[in-house]
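Asker: what's the 3D shape of this:
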Amino acid sequence: IDVITVPAKSVEESIVSFADISVNEMIEMYSCSYYKIFKMTVDGQMTLNNDFPFMLCSVVEGCGTIDEKSVKAGDHFILPSGYKVADLEGKMTLITSVNQ
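Answerer: All right, here's what the predicted structure looks like:
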């Protein structure tokens, strides 16, 4: 009961599409007081500036490289504390989550 809304919001208010977003930038999908979730569509080259304590990353589509290390759909990795800049290259989609 603490986590539901009754009556529920309408479909128009509840569903947000992230299908057609800008490429080569972090797009915020969700945010709360504990964490944020981003989507990144990489097409070519992108520099990721990480201002968070750490970043959990999942490659959900495509393949490429993160600082010359190969990654592909299904791979998961962590950008740890202090890893401030990462160079991404390829054609891939990533979902990332960060601690607030």
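
Asker: what about the protein, any weak spots by pLDDT?
Answerer: Along the chain, segments meeting pLDDT under 70 span 1.

Asker: which residue ranges of it form strands?
Answerer: Remark: strands assigned in the chain by DSSP state E are 26-31, 35-49, 55-66, 69-72, 76-79, 85-99.

Asker: in CSV, list these along with distance to residue 6 and mean neighbour count.
Answerer: (Each C-beta comes from the backbone N, C-alpha and C, glycine too.) CSV is the format used below for those (distance: least, Cβ to Cβ, whole Å; neighbours: other Cβ atoms under 10 Å):
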stretch, distance to residue 6, mean neighbour count
strand 26-31, 21, 13
strand 35-49, 25, 16
strand 55-66, 32, 18
strand 69-72, 42, 13
strand 76-79, 36, 14
strand 85-99, 28, 17
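
Asker: got those strands as CSV, with distance to residue 5 columns?
Answerer: Below are the strands of the chain laid out as CSV (distance: least, Cβ to Cβ, whole Å):
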stretch, distance to residue 5
strand 26-31, 16
strand 35-49, 20
strand 55-66, 27
strand 69-72, 37
strand 76-79, 31
strand 85-99, 23
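
Asker: wait, doesn't residue 52 sit right on residue 84?
Answerer: No - contact criterion Cβ atoms under 8 Å: residue 52 and residue 84 do not qualify, at 9.8 Å.

Asker: among those two, which residue is more densely surrounded?
Answerer: residue 52 (19 against 11; other Cβ atoms under 10 Å).

Asker: tell me who's in contact with the more buried one.
Answerer: 98, 99 (Cβ atoms under 8 Å, 6 or more residues apart in numbering).

Asker: tell me the phi and psi of it?
Answerer: phi -100, psi 160 (degrees, to the nearest 10).

Asker: roughly how far does it sit from residue 45?
Answerer: 21 Å (Cβ to Cβ, to the nearest Å).

Asker: cool, residue 18 as well?
Answerer: For residue 18 relative to residue 45 (Cβ to Cβ), the value is 21 Å.
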